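Participant: sequence and predicted model, in that order:
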Amino acid sequence: MEIKSIAIAGAGTMGAGIAQVCAQADFNVILFDINEQMLTKAKTNIEQSLDKLCNSGKITQEHAKIVISHIQFQSDIKLVKADLIIEAIVEKLNIKVDLFIKLMELNGSKTIYASNTSSIPITQIASQLPFPSQFIGIHFFNPAQIMKLVEIIKGAKTEPLIVEIVYGLIQKLKKEPVIAADAPGFIVNRIARLYYVEALKILEEGVCDFNAIDSIMESSGFKMGPFKLMDLIGVDTNYSVTESQFELFNYEPRFRPSRIQKQKVDAGLHGRKSKEGFYKYE
């Protein structure tokens, strides 16, 4: 099977980034979201991202126009038909399952279906779907248009051929694929969760403020401190992944979500996308 068309379900930060990556590799892309405002925002963000690439001399203005022309911004799910569909929506099992059931009814058993989930086991999602053998995890990292690593997660019933096809696709996207076992958090988020959780514990205990923690980690060689990174990813998204992993590890104390992070989420302080998280943004 050759993948010629790709659909992305969810026009948030991750969905828009994945759509840009696929369009830059000359794939025809459908970026779907039921919220028209999200689609408008996604198009603006992609155009700004491409402008930065133009200004840095990495692509030409002509190429940027071609990339945008490869993307259809679509709010009607009935028009979401492609060889590969990647879901990048909220980290809630029931919502993901409902979406995939609708997409499978529209596309049938030949399409490859993938989740960009950060923590929910692929087998757990696939077990509730009509075509579990066609289901796989493709986990990009934020920002998708910059980060090279992509985790490929094989579910218990995923066809081996699907893994091969997806591995080759990720290479065509000029990313670095790594095959991970279907375990909670996979590889990166299992490690990274403690980067966030331990930083939040230090903050809770009053050892120092979040600014100092970020400065120390960046001085130690990390590109971004944990609090700046949470703001970039989305404090709400990060908290949701922590909750999911905490539950999947049978409430292992080392993965316990932070009260401070929960308070930020409740207050709507979700980071860069809301103009304020741990830091304030213009």
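Facilitator: Arrived safely, thanks for sending.
Participant: count of residues packed around residue 203?
Facilitator: Residue 203 is flanked by 20 other residues according to other CB atoms under 10 Å. For glycine as for every other residue, the C-beta is placed from the backbone atoms N, C-alpha and C.
Participant: then residue 90?
Facilitator: For residue 90, the neighbour count with other CB under 10 Å is 12.
Participant: secondary structure class for the nearest residue to it once chain neighbours are set aside?
Facilitator: Excluding the flanking residues, the one nearest residue 90 by CB to CB, 6 or more residues apart in numbering is residue 240, at 7.1 Å. Here residue 240 is recorded as helix under DSSP: H, G, I helix; E, B strand; the rest coil.
Participant: distance of residue 240 relative to residue 116?
Facilitator: Using CB to CB, to the nearest Å, residue 240 is found at 13 Å from residue 116.
Participant: give me the more crowded residue out of those two.
Facilitator: residue 116 (24 against 18).
Participant: so the more buried one touches residue 142, yeah?
Facilitator: No. Contact between residue 116 and residue 142 fails when scored by CB atoms under 8 Å: they sit 10.1 Å apart.
Participant: beta partners of residue 178?
Facilitator: In this entry, residue 178 is beta-bridged to residue 151, by DSSP bridges.
Participant: number of nearby residues for it?
Facilitator: Residue 178 has 16 neighbouring residues, counting by other CB under 10 Å.
Participant: can you give me the helices for the protein?
Facilitator: Shown for the chain, the helices assigned by DSSP state H span residues 13-24, 36-55, 61-69, 93-107, 122-126, 160-172, 188-204, 210-219, 226-233, 235-248, 259-266.
Participant: so can I have a markdown table of those helices showing distance to residue 77?
Facilitator: Shown next, in a markdown table, are those (distance: least, CB to CB, whole Å):
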| stretch | distance to residue 77 |
| --- | --- |
| helix 13-24 | 14 |
| helix 36-55 | 13 |
| helix 61-69 | 22 |
| helix 93-107 | 6 |
| helix 122-126 | 18 |
| helix 160-172 | 23 |
| helix 188-204 | 28 |
| helix 210-219 | 40 |
| helix 226-233 | 26 |
| helix 235-248 | 23 |
| helix 259-266 | 28 |
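Participant: for residue 273, which of the ones you listed is the nearest?
Facilitator: For residue 273, the closest of the helices of the chain is helix 13-24, at 6.8 Å, according to CB to CB.
Participant: starting at the chain centroid, how far to the closest one?
Facilitator: Offset of helix 13-24 from its chain centre (CA atoms, centre = their mean, to the nearest Å): 10 Å.
Participant: average pLDDT across that helix?
Facilitator: Helix 13-24 carries an average pLDDT of 96.
Participant: likewise stretch 152-161?
Facilitator: 96.
Participant: before we move on, back to that, hey, which of the helices of the chain is tucked in deepest?
Facilitator: Compared across the helices of the chain, helix 13-24 shows the largest average neighbour count, a mean of 25 (mean count of other CB atoms under 10 Å).
Participant: that helix to helix 235-248, inter-axis angle?
Facilitator: Counting by axes from the mean of the first three to the mean of the last three CA atoms, to 10 degrees, helix 13-24 lies at 100 degrees to helix 235-248.
Participant: sounds good, over and out.
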